[in-house]
Each structure stands twice: as structure tokens, then as C-alpha cells.
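Participant: the following comprises the amino acid sequence and a computationally predicted model.
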Amino acid sequence: MTIDTQISVEDLKRSFPDTESGEDVPVFEDIWFKVDKGEFVCLIGHSGCGKTTILNILAGLDAPTSGGVIVDHEEVTGPSLDRAVIFQGHALMPWMTVRSNIAFAVRSRWPDWTKEKVFEHCQKYIDLVHLTGAENKKPSQLSGGMKQRVGIARAMAIEPKIMLMDEPFSALDALTRGSLQDEVLSICADTRQTVFMITHDIDEAMLLADRIILMTNGPKAKICEIVENTMPRTRTRHDMHRHPHYYPIRNHLIEFLVNRSEKFEAELSSSGYDPLHPPVVSLGLSKPSPALSEADTGPIGNNGEAAKALA
Ligand SMILES: Nc1ncnc2c1ncn2[C@@H]1O[C@H](COP(=O)(O)OP(=O)(O)O)[C@@H](O)[C@H]1O
Ligand SMILES: [Mg+2]
């Protein structure tokens, strides 16, 4: 581990018994990657390849069949308040108000804090996610976007070392998703929060992530490549499509999802692939990457095909 490494995933494998034969089948294997402090990493792959399972193992909610996860030089053996999870659904307690939902988490983190201190701390995060005025509402009185905001505030309020997000915006409409992405982007820029996030939205990954991990289809899914986001961190949803690296990166991701994720086994046998060091791809930089294919060169108007492939 280098000084800046916060998460080190080492030779991870998770098997589940096949429903028919009862034999153990690895969902994924040979998974190695690292996440540095302050980095935002997205994991992309088709449904069923094992993304949630990896996130659960990082959270300490599931255990690998072999291999392990090291966080801050310690092996993950169970859940910790150092690692906050934001799920696809909001997972709020329905009988509690916005403030109580957040305060509950804050009190479990700092049991000695006074009522006033907890209140003040909660308010800071309620304001941060723009829920000021909704403190006393219950989840049933909130829109989907607001509920997800409470989930984000609750996760941020415990000041975790790592934020783990499993498709946190996928159930929201496009407009709400966009504004929440902007908020997460600005919060992460301010706090330099380490984030590991699963998404199947290519533009979301390109907006938020410093690096995008491409996971092939299972069973025995592997990491195909790690794509570096070569656009500056100051990118926004409104201007990133004008950046010269935008289409090369986007097309590369679409090509992966539509074609390569499925046929990776064939690619593997001819490429000298080393799972410990999956190829790192930096598109748009002056030196062309060996992984650059024809599909990386021209713009594609939308990612409908990729979305279909992921459905
Ligand atoms: N507890 C479990 N028991 C048996 N199979 C499981 C269990 N959890 C996940 N799986 C299987 O592992 C595979 C990966 O699941 P998951 O991690 O949810 O994928 P993803 O998040 O990429 O869609 C799926 O085929 C799923 O059926
Ligand atoms: Mg999942």
C-alpha cells in the first residue's frame, strides 16, 4: 500500500452455490484494485456481474470466498462507521423525521455529544444537501430526490473515511438526478471525500469519477480495465461534453458495455492480461493508448445501446 492508498482490494473472489447443481460458482475472481484517499472511483458493469457484492464486501456486510479488502492498513472484517453506505433505495426509518434520521446516525458515531451539539451538527448537513425547512418532515412527506438527499446527509454527517454508494441516483428522474450529482460533486470537491460508487450511467461516471473501473460479465467476472478520467476536475454537467476528451472516453465506455464486457474471455487469452495490474487507459492524451480502438474516435449521439445492454 502506498501512503495515499485508502482501500486495497486484493485477489477478491466470491462464489455462490449454483441453484441447479449446488456447485460453487465464482461470481467474480482475481479482483485487484486500489482507491486513494480523496479519490472518486466508479465501478461500471452489467447487471449481475457482482458490483453490489463487491460493495457489500467493502462495507463489511458480506465476506469474500477468498482474498480480502484492506482499508487504512486494516482488513475489513465487519461494518464500521468509517464506511458509510448509500443504497439505491433511501433506507430511512419511516417513523422518524429528517432530523431524527440523521441524528440517530450522529449519536451512534458520537454517543457523548450533547443534544445541542447533535442538533447543530445535523443542521449543517441538512443545509448542505439543501433540505433546510424540511427538518421535521417524515420520509412519506418527501419526494424521492429529497429522501435520497437525507440518505446522503446521514452518510456525510458521520464524517466517514469512505463513502460507498450503490447506484444512489438510479431511481430518480433525470432532473433530480442531475441536481443531486451536482451536489455530490461540489460536496466531494470541498471535503475531498473518498468515494466508491456503482453506477450504470456513463455520463454520471464521467462527471463524478476520477477513475472508472470496468467489470466484465460474470460468472468469473474480472476487471477489464481502469479508465482514467482525463477531463479536469472542474468539469460540470453543462460543459464536460465540450471537452476534447469527452467523446473518446464516452465511446470507449460504450464500446466496453456493448461489446467487450461480454467477449472479454477471448480478449484475455491473447492479451497477456495480469489481474493484479489491469490495463490503465488514459484517453484523449497526446500519446495514443494501445487500448484505443476505432470506436474511440468518433462521437456517438446517445448511449441508448449501452443503456439497453445494461437493462
Ligand atoms: N446471497 C446470495 N446468494 C446467492 N447468489 C447471490 C447472492 N448475492 C448475490 N448473488 C448472485 O451474485 C450475482 C451478482 O449479484 P450482484 O452483486 O447483486 O450484481 P450486480 O450488483 O452487479 O447487479 C448475481 O448473479 C446474484 O444472483
Ligand atoms: Mg447491484
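Facilitator: Received the coordinates, thanks. Ligands and ions are numbered 1, 2, ... in the order given.

Participant: show me which residues of this protein sit near ligand 2.
Facilitator: 51-52 (C-beta under 5 Å from the ion). C-betas here are computed from N, CA, C, even on glycine.

Participant: give me that answer again for 6 Å
Facilitator: The chain comes close to ligand 2 at residues 51-52, 166, as judged by C-beta under 6 Å from the ion.

Participant: those strands in the stretch 1-150 of the chain, which residues are they?
Facilitator: Assigned by DSSP state E, counting those that start in this stretch, the stretch 1-150 of the chain shows strands spanning 5-17, 24-36, 40-44, 66-71, 74-75, 83-86.

Participant: now the stretch 151-300 of the chain
Facilitator: With DSSP E, counting those that start in this stretch as the criterion, the stretch 151-300 of the chain has strands spanning 162-166, 194-198, 211-215, 223-228, 280-282.

Participant: what's the first one packed up against?
Facilitator: Spelled out, it's strand 162-166. helix 51-59, strand 83-86, strand 194-198 (3 or more C-beta pairs under 8 Å, 6 or more residues apart in numbering; DSSP states H and E).

Participant: now with 10 Å?
Facilitator: strand 5-17, strand 40-44, helix 51-59, strand 83-86, helix 144-157, helix 174-191, strand 194-198 (3 or more C-beta pairs under 10 Å, 6 or more residues apart in numbering; DSSP states H and E).

Participant: alpha carbons only: can I get the third one in CSV?
Facilitator: Read that as helix 51-59. Extracted in CSV, the C-alpha atoms of helix 51-59 (Å, rounded to 0.1, in the frame of the first residue of the first chain):
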residue,chain,number,x,y,z
LYS,A,51,-20.9,-5.0,-8.3
THR,A,52,-23.2,-4.9,-5.3
THR,A,53,-21.5,-7.9,-3.8
ILE,A,54,-18.1,-6.1,-4.1
LEU,A,55,-19.6,-3.0,-2.4
ASN,A,56,-21.1,-5.1,0.3
ILE,A,57,-17.7,-6.7,0.9
LEU,A,58,-16.1,-3.3,1.1
ALA,A,59,-18.8,-2.3,3.6
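
Participant: is that helix anywhere near ligand 1?
Facilitator: Yes: using C-beta under 6 Å from any ligand atom, helix 51-59 comes into contact with ligand 1 via 51-53.
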